[in-house]
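Peer 1: based on what follows, work out the 3D shape:
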Amino acid sequence: MIFYPTERTALFIDGANLYSASKALGFDIDYKRLLALFRTKGQMVRALYYTALPEDQEYSSIRPLIDWLDYNGYTMVTKPTKEFTDASGRRKVKGNMDIELAVDAMELADNLDHLVLFSGDGDFRSLVEALQQKGKRVSVVSTLRTQPPMAADELRRQADQFIDLAELEDEIGRDPAERPARDDPEDGPFEVEYEQESSEDLTEA
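Peer 2: Numbering: from 1, shown residues only. As a prediction, the model looks like this:
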């Protein structure tokens, strides 16, 4: 990874996309280690984490993670998921955070030198180009080591630097031995919730 110590950097994390990538690679993200790693790479200004939340549930399986991140150095950006019924009568859940991430990146860009985007979504190619036109460096973190690759080719080509998530496993991966039991409310439920967020339109079982 190419970072400069004097750079003002910020992380923009598409939560559902990053989760899907790490799951496909077979490891869990340790968000404390992730933040610590990038704090050594430059002058960290902010780390933003984007995710949609079900609004009408008394308990959301992702809530413990959101609360932990909020108290441990991350800026949380959330919005309620939307439910709708498609033409075949199936109930679906939608929770796309692309617009929120793009708007924040453009608004914060003037105070940054280097933006790190954790997403492989090709829809962000235009955002990366716009940031580069403002004189900013943009790194994209995703992976090509899955089938199909999680990182869109057009996004990878547009970025100043592509960082394959698989290469970061030793530095930001969570030790499986430290993972709580699946019935622990601080860990197990995240998988179901994130799987629901991993695409724009999701069929609810």
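
Peer 1: can you pull the contacts of Gln43?
Peer 2: Shown in contact with Gln43 (CB atoms under 8 Å, 6 or more residues apart in numbering): Pro5, Thr6, Glu7, Arg8, Thr9. Every residue, glycine included, has its C-beta placed from N, CA and C.

Peer 1: by neighbour count, which of those wins?
Peer 2: Within these, most neighbours by other CB atoms under 10 Å means Thr9, with 22 neighbours.

Peer 1: which ones are touching Ala24?
Peer 2: So Ala24 contacts Thr143, Thr146, Met150 (CB under 8 Å, 6+ apart).

Peer 1: repeat that for 7 Å
Peer 2: Residues near Ala24 by CB atoms under 7 Å, 6 or more residues apart in numbering: Thr146, Met150.

Peer 1: ok, Asn72 next?
Peer 2: For Asn72, the contact set (CB under 7 Å, 6+ apart) comprises Lys32.

Peer 1: could you redo the last one with a cut-off of 10 Å?
Peer 2: Tyr31, Lys32, Leu35, Ala47 (CB atoms under 10 Å, 6 or more residues apart in numbering).

Peer 1: and if you look at Ile163?
Peer 2: Residues in contact with Ile163, defined by CB under 10 Å, 6+ apart, are Met1, Ile2, Val116, Leu117, Phe118, Ser139, Val140, Val141, Ser142, Thr143, Ala151.

Peer 1: shouldn't it be within a strand?
Peer 2: Yes - under DSSP: H, G, I helix; E, B strand; the rest coil, Ile163 sits within a strand.

Peer 1: how much space separates it from Ala151?
Peer 2: Separation of Ile163 from Ala151 (CB to CB, to the nearest Å) stands at 10 Å.

Peer 1: between the two, what contacts are shared?
Peer 2: Residues touching both Ile163 and Ala151 (CB under 10 Å, 6+ apart): Val140, Val141, Ser142, Thr143.

Peer 1: mean confidence (pLDDT) on stretch 40-53, please.
Peer 2: Regarding stretch 40-53, the rounded mean pLDDT is 94.

Peer 1: next one: stretch 140-152
Peer 2: Rounded mean pLDDT across stretch 140-152 is 95.

Peer 1: quick one: buried residues of it?
Peer 2: Residues of stretch 140-152 classed as buried: Val140, Val141, Ser142, Thr143, Leu144, Thr146, Pro149, Met150, Ala151, Ala152 (neighbour count, 16 or more other CB atoms under 10 Å).

Peer 1: now, among these, which is nearest to Ala16?
Peer 2: Nearest to Ala16 among these, counting by CB to CB, is Met150 at 11.6 Å.

Peer 1: just read off the phi/psi values of the closest one.
Peer 2: Taking degrees, to the nearest 10, you get phi -80, psi -30 for the backbone angles of Met150.
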